[in-house]
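>>> no sequence for this one, just the structure:
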């Protein structure tokens with residue numbers, strides 16, 4: 001044994017690896033347990049000292065960092081109290097709590113031994129590895145905070161306070177356990193106090209949490225915040241130097257080499273350590289991952305894996321293979337942390353002339369209440385008795401014609417949009433309200449007039465309306481009831497109904513609307529393959545209808561808007577995870593995009609996958625086929641590529657969490673817990689937008705692209721609206737990178753959403769007590785619009801011709817400016833001529849008289 005460790009330590013030194021050696025990691029000789037009862041015996045401290053002296057003499061020249069023992073809390077409480085771990089003694093609190101006493105004495109003896117006899121020559125350091133959880137109060141009350149302190153005292157403080165503070169147990173333990181805790185004499189207190197050269201911390205799943213009994217939480221909440229624990233240790237124990245000697249999480253025992261969950265927990269813990277150093281002033285001088293290899297995880301056995309290297313326990317030679325976490329940790333060590341990536345740094349620059357700066361409202365506020373000015377009745381104000389207006393019977397004023405300005409709701413919304421300085425406003429029509437019966441037999445003319453007025457008022461203030469014919473919502477998918485009741489998009493008759501509805505809208509609103517969306521964000525998660533098939537045909541027919549019958553006169557453009565969140569492989573080094581990510585992109589985006597923007601048919605990846613699943617698992621997922629005529633109809637039925645993008649998700653192929661595993665597509669959804677998240681747990685990943693835009697360009701060429709919706713929810717009580725400000729700033733900057741660096745033909749960007757009344761927690765305007773108030777994020781977006789991006793000192797000035805919004809009423813005056821000027825000149829000249837003729841005629845008459 002001695003020779004083995006000599007060889008190991010020597011080889012580590014040759015490789016430049018610093019050994020950190022634990023003298024006792026739960027491997028008590030069975031003879032000592034049988035003869036003395038293990039750590040419950042007062043004999044153990046001296047025997048442990050003798051063993052330590054042997055190790056110091058043999059290995060001290062090769063070791064600079066010693067740990068006397070690992071996690072004495074776990075050994076004392078679960079070894080001698082609950083019996084969950086070796087030696088399995090179920091002595092309860094009567095044996096569990098006193099069991100820590102000899103361990104503290106043994107540790108102190110070993111530290112003094114090294115300090116007195118070996119430190120002068122070996123110049124090493126000695127400590128003890130202490131495990132802990134982190135706990136936070138249920139509610140922020142003084143009582144709960146004290147209970148949290150008590151929880152930490154009973155686990156970490158049990159051993160840390162005697163060593164790092166005053167040689168005695170925490171007061172909360174003394175007051176709660178009374179006679180169960182042995183007493184230290186004053187001499188023993190002085191002997192134990194200060195017997196650690198640094199603070200060695202163990203923090204992780206198995207030891208810190210799964211072995212934490214519920215009563216040790218004192219009715220408070222566990223948390224995996226390593227940063228807060230480090231800060232607490234620094235504050236509680238006089239700012240010691242800290243070495244994290246064990247830290248990680250775990251994956252399922254069935255997970256092989258692509259251990260994405262392990263990677264992101266590792267990333268989280270190391271990031272929190274860095275934050276504790278940088279922002280909190282905690283002195284952490286080292287970090288150690290647990291563990292090198294998969295192994296036997298005590299009470300969890302082989303049901304979980306915590307190694308960086310995969311061990312095939314079924315193979316004869318226990319074959320070792322590096323996991324993805326090895327590559328992640330290796331690169332992290334090479335970089336010594338998380339240096340800023342050049343591609344994630346913000347850039348300076350501006351967008352092109354005519355760039356569409358927009359805002360989205362799923363459905364505009366519709367209020368068709370007539371204005372008071374349209375009331376022809378006459379009223380008297382009873383100021384003496386009722387204090388109300390009393391209508392005078394039989395007396396009327398003349399009626400005047402209705403005007404769009406009579407709709408107060410329109411005036412208010414347009415004024416808010418003007419305040420934002422947007423150039424475009426995107427909203428959806430309500431098919432179910434415009435044609436309640438699903439056909440032209442019943443038309444809501446009042447609503448149509450309202451939409452006409454809204455669009456014309458937008459144009460009047462140079463805001464371009466961007467109008468979607470249909471957007472699915474929860475109730476009946478926003479289809480007329482008659483269509484929703486008879487199969488919705490599953491029914492082929494819905495196709496023709498949509499085309500008739502589209503024709504009516506083009507006819508009624510086309511003079512005011514030049515920017516059409518056939519379908520806005522059809523949710524592929526809720527579509528059957530048949531429904532998607534019919535939806536694509538309906539879109540294509542509506543596009544061709546506009547192209548043939550309306551484009552020449554109305555001069556507009558039309559396309560479909562798809563929801564397109566980015567999908568990233570969870571393990572960036574895994575080919576399997578990349579394959580899964582590619583598959584999900586085709587199912588989520590390519591399903592509807594490929595027939596329109598690609599070859600007129602569904603992605604080959606979809607057909608191949610469904611064929612395989614149907615053959616292997618006897619499923620019957622039928623992806624319909626298009627006829628050749630239908631392919632020609634659908635292919636190319638676009639004027640631009642419109643997409644809505646909100647977040648990025650991670651996917652992997654290893655099944656880890658059953659609740660987030662899609663058996664149909666064989667994909668595991670994974671969270672990067674270091675990503676910033678909204679209250680609704682949407683990840684804020686700005687670079688995902690740039691990757692998506694590059695993907696669209698690589699798949700579908702140099703097509704004009706509009707980001708039709710991009711936004712995040714936020715807590716209404718959030719100070720200064722910081723999350724949304726950060727979101728808008730960084731997502732638009734990534735869009736600028738796609739335009740300037742990747743040559744994506746990006747034509748516009750729209751923020752989601754207009755206000756909190758129609759989209760609670762997403763709006764740039766809050767809505768409280770019937771009042772709209774601009775949030776800081778609205779003002780920040782307005783500033784970006786005014787600058788047309790992010791100009792810097794060296795950004796060349798871009799001179800753009802002033803654009804005037806399309807206004808049908810003003811068309812003649814705009815296009816005939818020269819003619820008008822000429823006619824005006826002739827008219828003025830004629831008047832002047834008549835004046836002079838009249839004037840001189842009178843003078844001649846006077847002369848003759």
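Perfect, I can see it now. All values reported here derive from a predicted model rather than from experimental measurement.
>>> any idea how far residue 310 is from residue 580?
With distances defined as CB to CB, to the nearest Å, the gap from residue 580 to residue 310 amounts to 19 Å. C-betas here are computed from N, CA, C, even on glycine.
>>> Kindly report the same for residue 561.
As judged by CB to CB, residue 561 and residue 310 stand 44 Å apart.
>>> Compare these two (neighbour count), which wins?
residue 561 (26 against 22; other CB atoms under 10 Å).
>>> Tell me if the more buried one really is in a strand.
Yes - counting by DSSP: H, G, I helix; E, B strand; the rest coil, one finds residue 561 located in a strand.
>>> does it have beta-bridge partners, and which?
With DSSP bridges applied, the residues forming beta bridges to residue 561 are residue 520, residue 642.
>>> Return the distance of it relative to residue 425.
Summarising the geometry, the distance separating residue 561 from residue 425, computed by CB to CB, is 14 Å.
>>> Could you list the low-confidence segments of the stretch 301-450 of the chain?
Within the stretch 301-450 of the chain, the segments meeting pLDDT under 70 span 370-374, 400, 402.
>>> And the strands in it, which stretches?
Per DSSP state E, counting those that start in this stretch, the stretch 301-450 of the chain carries strands over the ranges 304-305, 309-311, 320-322, 349-350, 356-361, 377-381, 389-396, 424-428.
>>> Break the chain down into its domains, please.
Using the TED database, the domain ranges for the chain come out as 1-248, 356-370+404-656+687-790, 808-848.
>>> Between these, which has the poorest mean confidence score?
Comparing mean pLDDT across the domains of the chain, the weakest is domain 808-848, with a mean of 60.
>>> which element is residue 785 on?
Assignment of secondary structure by DSSP states H and E places residue 785 within helix 776-787.
>>> now swap in residue 772 and tell me
Using DSSP H and E, the secondary-structure element containing residue 772 is strand 771-774.
>>> isn't residue 87 right next to residue 40, touching?
No - under the criterion of CB atoms under 8 Å, residue 87 lies out of contact with residue 40, with a separation of 9.5 Å.
>>> Show me which of the two is the more surrounded one.
Between residue 87 and residue 40, counting by other CB under 10 Å, residue 40 is the more crowded of the two (21 against 18).
>>> what sits against that one?
Contact analysis of residue 40 by CB atoms under 8 Å, 6 or more residues apart in numbering lists 80, 89, 91, 95, 98-99, 102.
>>> most surrounded residue in the residues you listed?
Highest neighbour count within the contacts of residue 40: residue 80, with 26 neighbours (other CB under 10 Å).
>>> now that residue, nearest residue through space, not along the chain?
residue 99 (4.1 Å; CB to CB, 6 or more residues apart in numbering).
>>> Now for the one you found: which residues touch it?
39-40, 75-77, 79-81, 91.
>>> try residue 458
With contact set as CB under 8 Å, 6+ apart, residue 458 has these partners: 414, 417, 425, 464-465, 805.
>>> just checking, which of those belong to helices?
For those, membership in helices holds for 414, 417, with DSSP state H as the criterion.
>>> Could I get the phi/psi values of the most centrally placed residue in the chain?
With distances taken as CA atoms, centre = their mean, the chain has residue 683 as the residue nearest its mean C-alpha position (0.6 Å). Recorded main-chain torsions at residue 683 are phi -80, psi 140, according to degrees, to the nearest 10.
>>> Just the buried residues of stretch 438-457, please?
By 16 or more other CB atoms under 10 Å, the buried positions in stretch 438-457 come out as 438-439, 444, 447-448, 450-457.
>>> so which of those residues comes closest to residue 753?
For these, the closest approach to residue 753 (CB to CB) belongs to residue 454, at 16.8 Å.
>>> A strand includes the closest one, no?
No - checked against three-state DSSP, residue 454 lies outside a strand; its state is helix.
>>> In the sheet, which residues pair with the residue nearest to the centre of the chain? Tell me.
Note on residue 683: beta-bridge partners residue 677, judged by DSSP bridges.
>>> what's it in contact with, if anything?
Contacts of residue 683 were listed using CB under 8 Å, 6+ apart, and they are 647-649, 671-672, 675-677.
>>> how far away is it from residue 566?
10 Å.
>>> joint contacts of the two?
Shared between the contact lists of residue 683 and residue 566 (criterion: CB under 8 Å, 6+ apart) are residues 647-649.
>>> export those residues to a markdown table and tack on distance to residue 571 and secondary structure?
Listed next are the shared contacts of residue 683 and residue 566 as a markdown table, based on distance: CB to CB, whole Å; DSSP: H, G, I helix; E, B strand; the rest coil:
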| residue | distance to residue 571 | secondary structure |
| --- | --- | --- |
| 647 | 20 | coil |
| 648 | 15 | strand |
| 649 | 14 | strand |
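>>> Just the buried subset of the residues you listed, written out for ChimeraX, thanks.
One line in ChimeraX is enough to select the buried ones among those; burial here means 16+ other CB under 10 Å:
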select :647,648,649
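>>> Tell me the one among the shared contacts of residue 683 and residue 566 nearest to residue 767.
Checking those against residue 767 with CB to CB, the nearest one is residue 647 at 24.3 Å.
>>> show me the residues around that closest one that make contact.
Listed by CB under 8 Å, 6+ apart, the contact partners of residue 647 are 565-566, 682-685, 688.
>>> now swap in residue 520 and tell me
With contacts defined as CB under 8 Å, 6+ apart, residue 520 is in contact with 428, 468, 470-471, 561, 644, 708.
>>> same thing but at 10 Å, please
With contact set as CB atoms under 10 Å, 6 or more residues apart in numbering, residue 520 has these partners: 360, 362, 426-429, 466-472, 478, 560-563, 642, 644, 708-709.
>>> buried subset of those residues?
Neighbour-count burial (16+ other CB under 10 Å) applied to the contacts of residue 520 gives 360, 362, 426-429, 466-472, 478, 560-563, 642, 644, 708-709.
>>> Check which helices and strands the one helix or strand residue 268 maps to sits against.
The secondary structure element spanning residue 268 is helix 260-278 (assigned by DSSP H and E). If you count contacts as 3 or more CB pairs under 10 Å, 6 or more residues apart in numbering; DSSP states H and E, helix 260-278 packs onto strand 199-204, helix 226-236, strand 242-248, strand 251-252, strand 284-289, helix 324-335, strand 648-652, strand 667-670.
>>> average model confidence for it?
Helix 260-278 carries an average pLDDT of 96.
>>> tell me which residues in that helix are buried?
260-274, 276-277.
>>> just how off-centre is stretch 626-645 within its chain?
In terms of CA atoms, centre = their mean, to the nearest Å, the centre of stretch 626-645 is found 30 Å from the chain centre.
>>> measure residue 498 to residue 435 for me?
As defined by CB to CB, residue 498 lies at a distance of 10 Å from residue 435.
>>> what are the ranges of the strands in the stretch 601-750 of the chain?
Secondary structure of the stretch 601-750 of the chain (DSSP E, counting those that start in this stretch): strands at 641-644, 648-652, 661-662, 667-670, 676-677, 683-684, 705-710, 746-752.
>>> Also compute the angle for the last one relative to strand 356-361, please.
Think strand 746-752. Here strand 746-752 points in a direction 30 degrees away from that of strand 356-361 (axes from the mean of the first three to the mean of the last three CA atoms, to 10 degrees).
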